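Participant: Build me a structure from this.
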Amino acid sequence: MCGLYCLIALFCLQVGAQRTTTPSQYQEQQAYSTIVNALADAKRLRINLASQVTKSREELNTINGQLGYFEESCYCGKNNTIVFNSFLSKNAANFGLRQPIYFDNITLNIGNGYDARHGVFRAPRNGTYTFSSSVTTNAGSQIAIEIVKNGEQLVQMRSLNDYMWSMATSVVNVNLLKGDDVWVRHSAIGDANVLQIDDGLYTSFSGYLIHT
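Facilitator: Numbering: from 1, shown residues only. I've put the predicted structure just below:
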């Protein structure tokens, strides 16, 4: 019986202890619970923000890639000028068949497309270009000249075999890809093979970009 009374007494003490929680202890428990809930909410918010930041970074990278593409393919606001003028600096003769003519006197070369060392214009970018060439021969001489693109004839001209000086001029428009070459060359055998400059700029090769 003594043991039973002891168990009953111990049970009553535990129940009494639970019922005697002070107001300050209850407030502490409530505050702790509030803090735990707030931390959980903050963690969820941080995870959501991290996800949004990752998504925004991916969208920004996509936009930057698109901007890079348009900046590369569009020349809006940039210097879009490509133009050159070149002439012979002295009389030239004895051309071989399909021999290039080196117009070595460059008076204008915006865009650096024309290379006087080889007499070749190399397109700095895709676009539609206009090219012209004039050749002058002395009395009793004639010569045939052609403008070519990558070795293929675009247009041909021939001066007259007459009793006075003569000049032939031709103009051609052509679409070029970046890196395409255009030059002027001798195109016939049996000519007098003499190009004159005299004291003026009579024999020339020029070109410019019309549209990209």
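Participant: all helices of the protein, in order?
Facilitator: Secondary structure of the chain by DSSP state H: the helices cover 2-19, 23-73.
Participant: and stretch 111-121, how far out from the chain's middle?
Facilitator: 21 Å (Cα atoms, centre = their mean, to the nearest Å).
Participant: Sort out which residues of that stretch are buried, please.
Facilitator: 111, 113-115, 119-121 (16 or more other Cβ atoms under 10 Å). Yep, even glycine has a C-beta here, placed from its N, CA and C like the rest.
Participant: start to end distance for it?
Facilitator: 11 Å (Cα to Cα, to the nearest Å).
Participant: what comes into contact with it?
Facilitator: For stretch 111-121, contacts defined as Cβ atoms under 8 Å, 6 or more residues apart in numbering pick out 81-84, 86, 100-104, 106, 122-124, 131, 181-184, 205, 207, 209.
Participant: try 6 Å this time
Facilitator: Stretch 111-121 is contacted by residues 82, 84, 86, 100-104, 106, 122, 124, 181-183, 207 when judged by Cβ atoms under 6 Å, 6 or more residues apart in numbering.
Participant: on that earlier part again, select from the helices of the chain the stretch with the lowest mean pLDDT.
Facilitator: When those are ranked by mean pLDDT, helix 2-19 comes last with a mean of 47.
Participant: what about residue 132, distance to residue 86?
Facilitator: Remark: distance between residue 132 and residue 86 (Cβ to Cβ, to the nearest Å) = 11 Å.
Participant: And residue 156, by the same measure?
Facilitator: 19 Å.
Participant: Comparing these two, which residue is more hemmed in?
Facilitator: residue 86 (27 against 14; other Cβ atoms under 10 Å).
Participant: surely the more buried one meets residue 104?
Facilitator: No - using Cβ atoms under 6 Å, residue 86 is not in contact with residue 104; the gap is 7.4 Å.
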